[in-house]
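here is my input; please provide its structure:
(chains A and B)
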Number of protein chains: 2
Amino acid sequence: MSLFTVPEYESRLRKTKLLMEQRGIDVLLVTDPANMNYLTGYDGWSFYVHQMVAVFAEDAEPFWIGRKQDANGAKLTTWLDHRNILPYPEDYVQSDEHHPMDFVVDLLHQRRKAHASIGVEKDAYYFTAACSETLQQGLPDATFINATLLVNRVRIVKSPEEIGLMKNAARLVQKAMTIATQSIEVGARECDVAAKVYHAQIAGLEDIGGDYPAIVPLMPSGRKTSCSHLTWTDERYRDGDTVILELAGCYKRYHSPLARTLTLGKAPQAVQDLADVVVEGLEQAISAVKPGVTCADIDQVWRNVIEPRGYSKDSRLGYSVGMNYPPDWGEHTASIRKGDRTVLRPNMTFHMIAGMWTDDYGVEISETFCVTENGAQVLAAVPRRLFQNL
Amino acid sequence: MSLFTVPEYESRLRKTKLLMEQRGIDVLLVTDPANMNYLTGYDGWSFYVHQMVAVFAEDAEPFWIGRKQDANGAKLTTWLDHRNILPYPEDYVQSDEHHPMDFVVDLLHQRRKAHASIGVEKDAYYFTAACSETLQQGLPDATFINATLLVNRVRIVKSPEEIGLMKNAARLVQKAMTIATQSIEVGARECDVAAKVYHAQIAGLEDIGGDYPAIVPLMPSGRKTSCSHLTWTDERYRDGDTVILELAGCYKRYHSPLARTLTLGKAPQAVQDLADVVVEGLEQAISAVKPGVTCADIDQVWRNVIEPRGYSKDSRLGYSVGMNYPPDWGEHTASIRKGDRTVLRPNMTFHMIAGMWTDDYGVEISETFCVTENGAQVLAAVPRRLFQNL
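Model prediction:
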């Protein structure tokens, strides 16, 4: 049973095929697990072996290609006719002799695609150099076209059903963030707080259970707040620590990330000042969101707040977000930063993360929002301020 | 502060350079996050952007290359001189204009490596086709050598310190598995059990906190037991369900995986029969482990138990395991399966997962063990049988 209706998958496929046609792509090999799910519904922790969805321009349905052991999972989670589920043998798994792409090469020869133009996601996490070389060696007369982000660009505008799932994810992150801010205290171990956060994210609520977020809870403290991607340890929080929390709720693979910062004890003035600027910049940037403006326009509104105050931020202010798998919940298409000309449209969804770091401390405060007909709807409702646990 | 002593990292580097020399590799570009950690201590959730450790044959220390925002994390977690931590600018992150490998190309030109032979991990998860092509275009006169698994092969034999971390991970999975088997009951939601498992894995024990395992808790139930990589839902367990639990404890990135199977209510005879064969096969295979035998030998011992009973298994019986990052805790070197000639040596560590699946149900029972001087030491102590929650 796929998550969405077959007509929704068919409309996603139509949009994908339109972009394929514009790029002159006969066959699109989709290896990004989120793109595979988006087109077929396939959902499983099997992306540690090579797998793909193959979209042939002339076919009504794509093919799922994966490990034999995962074929039953494809039958249970996709809308595809079972004849379109093509398992490769187990001895292709992490083997020196066979590469799963050899299996794909054989399929493309059977389908008379030796001279076709074949789209591949050249910079997708799980499409390795070996995948690409195996395909090129097996199909020397084919033309390979870089289709990185082709399906991601279809994903950037959500359907009402997808927005609904992200709103559920926002309810989950609200709960997780509340528990996190309440659990962090002097003497508590970071791992015990992380465990409570995980419990809240996964147990979820009475009516909705939680799925695993694509990124673990990020909660650096003290000096580590200047290292935004270090994970928790079993050290204990100390009086005076600043703690950054970047969490997501995840519902049926759809994410609503949220970041907040708190201090154990009264915030040092420098941290409070930074937080005040971050909140003001975030709020002005969100209030500038509406259809027709560009990501770069939004970034400029942010700069207009922080730069006169003597602050600067060289990392991007935000990015498109939605359904995803580890290692990232970002969609890798639009970024809210200088130079990004992406024009905002209704039902685009972004994580706007106003984070600034010095070598000694950092502050992150973020919101996930949906572009509406005339503005932005923030999905979660958690006080937008620096928390102080006195 | 790196996790291990500098002499331990130096000995890992020596072994790596020896393999580089044998392969005629002047510069090794290490992109597998576990290999990066193994050589430098670098630990952070930053592998969703391109990063690497570059090992130059002539240098005493490798270089860490990553996103500017992660450089502080590299300073805090590695043993490297800070001059060897080379951040690339933020505008290289998920950008159409710059690829992080352009930065690496510049470094290699500066280091006069335009004609060098350069080892790359062609089938590592995060070394994409785009990474490879960017390097090749920027270094047209260099020779690129496939060094996939080169460092993994150094990792296959653990140091006593590493074994100690895996024993701690085994204590964590013992706790998590016990809580899981106690929490699964008719009417409980899968997500609520997953939440308790996560809490146990991460909170850990009084003396050791848990790290995030490289794979989420896998706990398919009912029909889904024939789909070993589907993740939990918010459905409720029903009387008569079979539930497979595959979990790991993770301590400072080192894993001890463990699988058990339980039935809600009395086990159907077919499931009990399958479980009995699985346990006997697992125990005979473990008892055959000792230095000098090959992975294929161990697999044959397993087959000699199951095949006369009319069972067969086409997926591998196990694989080398240790320190890792999502999406997999396996090391991708030795597999316990037909044809794998890897000779067992003391302090190799394996996850032997005796799993068999029909289209309607499956049973998995596994152990993580360390090869000793004269046999195998199983790391966790959880009853090795089919559990029945009556």
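
could you export stretch A:100-119 as CSV, CA atoms only?
Extracted C-alpha coordinates of stretch A:100-119, given in CSV (Å, rounded to 0.1, in the frame of the first residue of the first chain):
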residue,chain,number,x,y,z
PRO,A,100,24.5,-4.0,-9.1
MET,A,101,24.9,-1.7,-12.0
ASP,A,102,25.9,-4.7,-14.2
PHE,A,103,22.4,-5.8,-13.6
VAL,A,104,21.1,-2.4,-14.7
VAL,A,105,23.3,-2.5,-17.8
ASP,A,106,21.8,-5.9,-18.8
LEU,A,107,18.3,-4.4,-18.4
LEU,A,108,19.1,-1.4,-20.5
HIS,A,109,20.5,-3.7,-23.3
GLN,A,110,17.3,-5.9,-23.1
ARG,A,111,15.3,-2.7,-23.4
ARG,A,112,17.4,-1.7,-26.5
LYS,A,113,18.7,1.4,-24.8
ALA,A,114,22.4,0.8,-25.8
HIS,A,115,22.3,4.1,-27.7
ALA,A,116,19.9,6.0,-25.5
SER,A,117,20.5,9.2,-23.6
ILE,A,118,20.5,8.2,-19.9
GLY,A,119,20.0,10.6,-17.1
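
now do the strands in the stretch 151-300 of chain A.
A:242-251, A:254-264 (DSSP state E, counting those that start in this stretch).

now the angle from the first one to strand A:254-264?
For the pair strand A:242-251 and strand A:254-264, the angle between their directions (axes from the mean of the first three to the mean of the last three C-alpha atoms, to 10 degrees) equals 160 degrees.

quickly check: strand A:242-251 near chain B or not.
No. Judged by C-beta under 8 Å from any C-beta of the partner chain, strand A:242-251 stays clear of chain B, getting no closer than 9.3 Å. Placement of C-beta: from N, CA and C, glycine included.

give the other helices and strands that the strand or helix carrying residue A:10 contacts.
Following DSSP states H and E, one finds residue A:10 within helix A:6-23. Here helix A:6-23 touches helix A:33-40, strand A:52-56, helix A:150-155, going by 3 or more C-beta pairs under 8 Å, 6 or more residues apart in numbering or on different chains; DSSP states H and E.

for chain A, give me the ranges with low pLDDT.
Within chain A, no stretch has pLDDT under 70.

rerun that using 90 as the cut-off
For chain A, the stretches with pLDDT under 90 are A:1-2, A:90-98, A:222-228, A:312-315, A:355-362, A:390.

which stretches in the stretch 201-350 of chain A count as helices?
A:269-287, A:295-306 (DSSP state H, counting those that start in this stretch).

around chain B, pick out the residues from the stretch 151-300 of chain A.
Neighbours of chain B within the stretch 151-300 of chain A, by C-beta under 8 Å from any C-beta: A:189-192, A:194-196, A:198-204, A:208-212, A:215-216, A:218, A:223-224, A:226-234.

what residues does the residue nearest the centre of chain A make contact with?
Taking C-alpha atoms, centre = their mean, the centroid of chain A lies closest to residue A:329, which sits 1.8 Å from it. Going by C-beta atoms under 8 Å, 6 or more residues apart in numbering or on different chains, residue A:329 touches A:213-215, A:248, A:250, A:255, A:257, A:321-322, A:351.

swap in residue A:370?
Contacts of residue A:370 by C-beta under 8 Å, 6+ apart are A:158, A:163, A:166, A:347-349, A:376-377, A:379.

rerun at 7 Å
A:163, A:347, A:349, A:376-377, A:379 (C-beta atoms under 7 Å, 6 or more residues apart in numbering or on different chains).

so what's it bridging to?
On DSSP bridges, the residues paired with residue A:370 through beta bridges are residue A:349, residue A:377.

now it: how far from residue A:158?
Going from residue A:370 to residue A:158 by C-beta to C-beta, to the nearest Å gives 7 Å.

between those two, what contacts are shared?
By C-beta under 7 Å, 6+ apart, residue A:370 and residue A:158 have these common neighbours: A:347, A:349.

which of the helices of the stretch 201-350 of chain A sits closest to residue B:133?
helix A:295-306 (27.1 Å; C-beta to C-beta).

could you give the angle of that closest one to helix A:269-287?
Going by the same axes, to 10 degrees, helix A:295-306 makes 140 degrees with helix A:269-287.

got the buried residues for helix A:295-306?
Neighbour-count burial for helix A:295-306, with 16 or more other C-beta atoms under 10 Å in any protein chain shown as criterion, is recorded at A:295, A:297-303, A:305-306.

make a markdown table out of those residues and add distance to residue B:152.
As requested, the buried residues of helix A:295-306 are exported to a markdown table (distance: C-beta to C-beta, whole Å):
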| residue | distance to residue B:152 |
| --- | --- |
| A:295 | 40 |
| A:297 | 47 |
| A:298 | 43 |
| A:299 | 41 |
| A:300 | 46 |
| A:301 | 47 |
| A:302 | 43 |
| A:303 | 45 |
| A:305 | 48 |
| A:306 | 44 |
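
quick one: contacts of stretch A:55-62?
The contact list for stretch A:55-62 (C-beta under 7 Å, 6+ apart) reads A:13, A:16-17, A:20, A:26-28, A:30, A:39-40, A:53-54, A:80-81, A:84, A:111.

any idea of the angle the longest helix that chain A contains forms with strand A:242-251?
Of all the elements of type helix in chain A, the one with the most residues (DSSP state H) is helix A:160-183. Angle of helix A:160-183 versus strand A:242-251, following the same axes, to 10 degrees, is 150 degrees.

give me the helices and strands touching helix A:160-183, please.
helix A:190-203, strand A:242-251, strand A:254-264 (3 or more C-beta pairs under 7 Å, 6 or more residues apart in numbering or on different chains; DSSP states H and E).

distance between the shortest one and the chain's centre?
Spelled out, it's strand A:242-251. 14 Å (C-alpha atoms, centre = their mean, to the nearest Å).

and it, what does it pack onto?
Counting by 3+ C-beta pairs under 7 Å, 6+ apart, strand A:242-251 packs on helix A:160-183, helix A:190-203, strand A:254-264, strand A:362-371.

now do 6 Å
helix A:160-183, strand A:254-264 (3 or more C-beta pairs under 6 Å, 6 or more residues apart in numbering or on different chains; DSSP states H and E).

do the last one as well
Of the remaining helices and strands, those touching strand A:254-264 by 3+ C-beta pairs under 6 Å, 6+ apart are helix A:160-183, strand A:242-251, strand A:362-371, strand A:387-389.

just so I know, which of the strands of the stretch 151-300 of chain A lies nearest residue B:273?
Among the strands of the stretch 151-300 of chain A, strand A:242-251 sits nearest to residue B:273 (C-beta to C-beta), with 38.6 Å.

that closest one vs helix A:190-203, what angle?
20 degrees.

and the stretch 1-150 of chain A, which of its residues are near chain B?
A:44-48, A:69-70, A:72-73, A:76, A:90, A:94, A:122-123, A:126-130, A:132 (C-beta under 6 Å from any C-beta of the partner chain).

before we move on, back to that, show me the one of the helices and strands packed on helix A:160-183 that comes nearest residue B:262.
helix A:190-203 (19.8 Å).

name the residues of that closest one that are buried.
Within helix A:190-203, the residues scored as buried using 16+ other C-beta under 10 Å are A:190-203.

before we move on, what about stretch A:166-183?
Neighbour-count burial for stretch A:166-183 flags A:166-177, A:179-181, A:183 (criterion: 16+ other C-beta under 10 Å).

mind saving the C-alpha coords of it as CSV?
This file holds the C-alpha atoms of stretch A:166-183, laid out as CSV (Å, rounded to 0.1, in the frame of the first residue of the first chain):
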residue,chain,number,x,y,z
MET,A,166,4.8,18.3,7.3
LYS,A,167,2.3,19.9,9.7
ASN,A,168,2.2,16.6,11.6
ALA,A,169,6.0,16.6,11.6
ALA,A,170,5.8,20.1,13.1
ARG,A,171,3.6,18.8,15.9
LEU,A,172,6.2,16.2,16.6
VAL,A,173,9.1,18.6,16.7
GLN,A,174,7.2,20.9,19.0
LYS,A,175,6.9,18.1,21.5
ALA,A,176,10.5,17.1,21.1
MET,A,177,11.9,20.6,21.5
THR,A,178,9.7,21.3,24.5
ILE,A,179,11.1,18.1,26.2
ALA,A,180,14.6,19.0,25.2
THR,A,181,14.5,22.5,26.7
GLN,A,182,12.9,21.1,29.9
SER,A,183,15.5,18.3,30.2
